[in-house]
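A.B. asks: Mind folding the following:
(one chain, ligands or ions: 1)
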Amino acid sequence: MSEYRLTVGLEVHAELRTETKMFCACRNAPDERAPNVHVCPVCLAHPGTLPVINKQAVHNVLRMGVAMDGTLADYTEFDRKNYFYPDIPKGYQISQYQHPLVRGGTLAGVALTRVHLEEDTARSQHTLGKGTSEGEKSLVDYNRAGVPLLELVTEPVIHSAEDAGRFARELQLLLRSVGAGEANMEKGEMRLEANISVSKDGTLGTKVEVKNINSFRSVERAIAFEAARQSAALEKGEVIVQETRGWDEAAQKTFSQRKKESSHDYRYFPDPDLPKLVLSELPECSAAALRAGLPELPAAKRARLQALGILQNQDIAQLVEDAVLSDFFSKVETELDTPELLKTAANFILNDIAGERKKNPDWMPQAAHVVAVVRAYQSGALASPQAKSSILSGTMASVTAAETLPALVAGIIDAHPQVVADYKAGKGAALQFLIGQGMKESKGSANPQALREAIQKILG
Ligand SMILES: [Zn+2]
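C.D. replies: Numbering: from 1, shown residues only. Okay, the predicted model is just below:
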């Protein structure tokens, strides 16, 4: 069934990282455990209250727009999207319709249609009390109501499940790099819907919308499942129904949620309570000003690290994902002039330093110290375990002077005549034992290679 061509367009919602909510002064606190503590008359939609636009949220979306080479709006406004649901206290959601903040742009080779700003809904829980004497009940937590949300829509230009997954990962990376959001899919900070169709003749087939995708792995699996399901149905002569389907994580398949007879009429109209924004009159919202404030973006960082020619793709990915680690690598890089030194430094950073930071996230060694350790290691003055302990302790491991090794080795030889006999009889393990004794005697400060040479020299 490979002759069917898959086409996917994505719609992504990502919570923005801001101090306060989109239209009020309540804290934007995604990790809050207690329900309904970050609420006020504005986000609970009490009569007579008025929303105020969160500048930080507008900035975040514009910065993302610039980072993805989109066209920023000169003029923008907010619209009311009218529908009723308990998680939307006003009876409408404030969103953007005719005048999104950003149009066009690309990310990970995928063309974007638009990026706009809206407010999140509250969080409903429907299964509480199930099986208890109180019976099943639904509760609503309004902490999330009014949290700023970036909505991004791609063109239907993705043709494989892997490319869709790659796009979603790159978007998460970009949101984090720009500081616009954390975008943890498992926490619901980034939510994704995929419009999926298959076709044989180059036209677009009937699209099916798949929701409830909660991880990158599920993005790829849900799309692959739909591609196979739709191709098989068409092959049997069936007609694909335009519908919304959910992704069942446990069963690893999609299921029909509702058939779409017609598109919703949300009766969008500009929100009369909010001012129109003429962004071209705000100097801090110009593309040039926003671009100047961006950090190095993941794609540029990836290309720069690849150009060094010494790092594996996996190492590059690790550095691109961890800004603290990659900044540190850059600092060390300026001090080390050969590919060998740099490769050694990369190994210590990606393994030992990254490993220690997993246990101790605030820890970071001094770049100058790591440079000194790398040079000492490369020159043979420090062995690998000594170099590692030097980096972790922040002080250079003391090294037993080469001149004192013969005396140390002589003592060991005297103490282990049988092992020496074994060594002379050609038993390889005997040499390792003697080196081990030397490391023990020197309390780990001898260079194992130098020790090996001293033993071999004495025993011949
Ligand atoms: Zn509020």
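A.B. asks: Can you name the residues of the stretch 301-450 of the chain sitting close to the ion?
C.D. replies: Nowhere does the stretch 301-450 of the chain come near the ion, counting by CB under 5 Å from the ion. C-beta coordinates here come from the backbone N, C-alpha and C atoms, glycine included.
A.B. asks: which residue ranges form the helices in the stretch 301-450 of the chain?
C.D. replies: 313-321, 323-335, 339-347, 354-359, 367-378, 384-393, 405-415, 417-424, 428-441, 448-459 (DSSP state H, counting those that start in this stretch).
A.B. asks: which helices and strands does the shortest one pack with?
C.D. replies: So the one you mean is helix 354-359. helix 323-335 (3 or more CB pairs under 8 Å, 6 or more residues apart in numbering; DSSP states H and E).
A.B. asks: doesn't Glu243 make contact with Ser256?
C.D. replies: Yes. With contact defined as CB atoms under 8 Å, Ser256 and Glu243 form a contacting pair (5.7 Å).
A.B. asks: Skipping adjacent residues, who's closest to whichever residue of the stretch 101-250 of the chain sits closest to the ion in space?
C.D. replies: Residue of the stretch 101-250 of the chain nearest the ion, by CB to the ion: Gly146 (5.7 Å). Leaving out its chain neighbours, the residue that sits closest to Gly146 by CB to CB, 6 or more residues apart in numbering is Cys43, at 3.7 Å.
A.B. asks: chain center to the top helix by length along the chain: distance?
C.D. replies: Secondary structure of the chain per DSSP state H: the longest helix is helix 216-235. Centroid separation for helix 216-235 versus its chain: 25 Å, with CA atoms, centre = their mean, to the nearest Å.
A.B. asks: Use 11 as the first number for this chain going forward.
C.D. replies: Got it, the first residue is 11 from now on, which makes the last one we talked about helix 226-245.
A.B. asks: and the angle from the helix or strand that it is followed by to helix 226-245?
C.D. replies: Per DSSP states H and E, the first helix or strand lying C-terminal to helix 226-245 is strand 253-258. With axes from the mean of the first three to the mean of the last three CA atoms, to 10 degrees applied, the angle from strand 253-258 to helix 226-245 works out at 130 degrees.
A.B. asks: mind giving me a markdown table with the helices of the stretch 311-460 of the chain and columns for mean neighbour count and mean pLDDT?
C.D. replies: Output for those, formatted as a markdown table (neighbours: other CB atoms under 10 Å; pLDDT from 0 to 100):
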| stretch | mean neighbour count | mean pLDDT |
| --- | --- | --- |
| helix 323-331 | 17 | 95 |
| helix 333-345 | 17 | 93 |
| helix 349-357 | 18 | 94 |
| helix 364-369 | 13 | 94 |
| helix 377-388 | 19 | 91 |
| helix 394-403 | 18 | 88 |
| helix 415-425 | 15 | 86 |
| helix 427-434 | 14 | 90 |
| helix 438-451 | 16 | 85 |
| helix 458-469 | 17 | 83 |
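A.B. asks: coming back round to it: and the residue nearest to Gly156, how close does it get to the ion?
C.D. replies: According to CB to the ion, to the nearest Å, Cys53 and the ion sit 3 Å apart.
A.B. asks: Please list all residues in contact with that residue.
C.D. replies: Residues near Cys53 by CB atoms under 8 Å, 6 or more residues apart in numbering: 31, 33-34, 36, 99, 152, 155-156.
A.B. asks: so how far is Val157 from it?
C.D. replies: Counting by CB to CB, to the nearest Å, the gap from Cys53 to Val157 is 9 Å.
A.B. asks: quick one: pLDDT of the residue in the stretch 261-410 of the chain that the ion sits nearest to?
C.D. replies: Closest residue of the stretch 261-410 of the chain to the ion, CB to the ion: Asp283 (14.6 Å). Per-residue pLDDT puts Asp283 at 96.
A.B. asks: How about Met11?
C.D. replies: 45.
A.B. asks: From Pro371, how far out is Gly365?
C.D. replies: Taking CB to CB, one finds Gly365 at 12 Å from Pro371.
A.B. asks: Then Ser209?
C.D. replies: From Ser209 to Pro371 the distance is 48 Å (CB to CB).
A.B. asks: higher neighbour count, these two?
C.D. replies: Using other CB atoms under 10 Å, the more surrounded residue of Ser209 and Pro371 is Ser209, with 17 against 9.
A.B. asks: Show me the common contact partners of Cys53 and Val157, please.
C.D. replies: In contact with both Cys53 and Val157: Lys31, using CB under 8 Å, 6+ apart.
A.B. asks: Number of residues surrounding the residue of the stretch 111-260 of the chain closest to the ion?
C.D. replies: With other CB under 10 Å as criterion, Gly156 counts 31.
A.B. asks: Go ahead and confirm it touches Met32.
C.D. replies: Yes. Using CB under 8 Å, Gly156 is in contact with Met32, at 5.3 Å.
A.B. asks: what touches both of those two?
C.D. replies: In contact with both Gly156 and Met32: 129-130, using CB under 8 Å, 6+ apart.
A.B. asks: Can you tell me the SS state at Gln103?
C.D. replies: Look at Gln103: counting by DSSP: H, G, I helix; E, B strand; the rest coil, its state is strand.
A.B. asks: and it, how far is that from the ion?
C.D. replies: 15 Å.
A.B. asks: Check whether that residue really touches Glu128, as I assumed.
C.D. replies: Yes. In terms of CB under 8 Å, Gln103 counts as a neighbour of Glu128; the distance is 6.3 Å.
A.B. asks: With adjacent residues omitted, what lies nearest to Val76?
C.D. replies: Spatially, and ignoring its direct neighbours in sequence, Val76 is nearest to Leu300 (4.6 Å; CB to CB, 6+ apart).
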